[in-house]
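Asks: Okay, predicted coordinates and the sequence, questions at the end:
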Amino acid sequence: MPKYETYSSYERAQKKKTIHPIWRGIGFALIILIPILSYAASVVLLDANRANGWVRIPQELILKGWGDPNLAVKFILTVVLSILLYGFFSLITFFLYGSLGPPRYGPYDVPPVQYRGKRYRR
């Protein structure tokens with residue numbers, strides 16, 4: 001084995017990390033599950049709003065002549081809740097990866113430079 005070896009970009013591409021298939025399956029399940037949960041939560045919130053009168057729904061969002069007059073409200077609420085659920089799951093993933101993930105620096109990384117000299121003037 002020679003003392004110095006070249007490291008080509010092809011070898012670097014071959015060693016690239018891939019995502020574990022279980023995480024792909026969890027991501028796919030969340031793509032399906034988040035809109036379903038958001039729609040169910042929007043239906044529950046609209047029923048609770050009807051019973052308690054928290055927020056008044058504008059007349060422009062109530063569709064007359066359609067099967068469900070609150071369809072536009074349910075759609076808007078589903079989109080908003082989907083975004084909030086996605087953000088919540090991303091936050092959980094961020095904290096889990098930060099506490100259980102690999103260390104920031106590997107064994108071959110150079111530690112960050114801590115310079116304690118005086119500042120240069122321009």
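Replies: Perfect, thanks for sending it.

Asks: alpha carbons only for contacts and neighbour counts from here, please
Replies: Noted.

Asks: can you pull the pLDDT of residue 102?
Replies: Listed pLDDT for residue 102 reads 78.

Asks: Name the helix or strand for the most centrally placed residue in the chain, please.
Replies: Taking CA atoms, centre = their mean, the centroid of the chain lies closest to residue 90, which sits 3.5 Å from it. For residue 90, the enclosing helix or strand under DSSP states H and E is helix 71-100.

Asks: what helices or strands is that helix leaning on?
Replies: Under the contact definition 3 or more CA pairs under 8 Å, 6 or more residues apart in numbering; DSSP states H and E, helix 71-100 sits against helix 21-52.

Asks: now the angle from the helix it packs on to helix 71-100?
Replies: Helix 21-52 runs at 140 degrees relative to helix 71-100, counting by axes from the mean of the first three to the mean of the last three CA atoms, to 10 degrees.

Asks: Now do helix 21-52: distance to the chain's middle.
Replies: Computed by CA atoms, centre = their mean, to the nearest Å, the chain-centroid distance of helix 21-52 equals 14 Å.

Asks: any idea of the mean pLDDT in that helix?
Replies: What helix 21-52 shows for mean pLDDT is 95.

Asks: And it, what's buried?
Replies: For helix 21-52, a neighbour-count test (16 or more other CA atoms under 10 Å) marks 30, 34-35, 37-39, 41-43, 46 as buried.

Asks: what does stretch 86-97 give?
Replies: Neighbour counts over stretch 86-97 (16+ other CA under 10 Å) mark residue 86 as buried.

Asks: How much space separates the residue nearest to the centre of the chain from residue 39?
Replies: 19 Å (CA to CA, to the nearest Å).

Asks: and if you look at residue 80?
Replies: For residue 80, the distance to residue 39 equals 10 Å [CA to CA].

Asks: cool, and residue 50?
Replies: The separation that residue 50 has from residue 39, given CA to CA, amounts to 16 Å.

Asks: Kindly report the same for residue 76.
Replies: Counting by CA to CA - residue 76 and residue 39 are separated by 10 Å.

Asks: Could you do residue 60 as well?
Replies: Distance from residue 60 to residue 39, by CA to CA: 21 Å.
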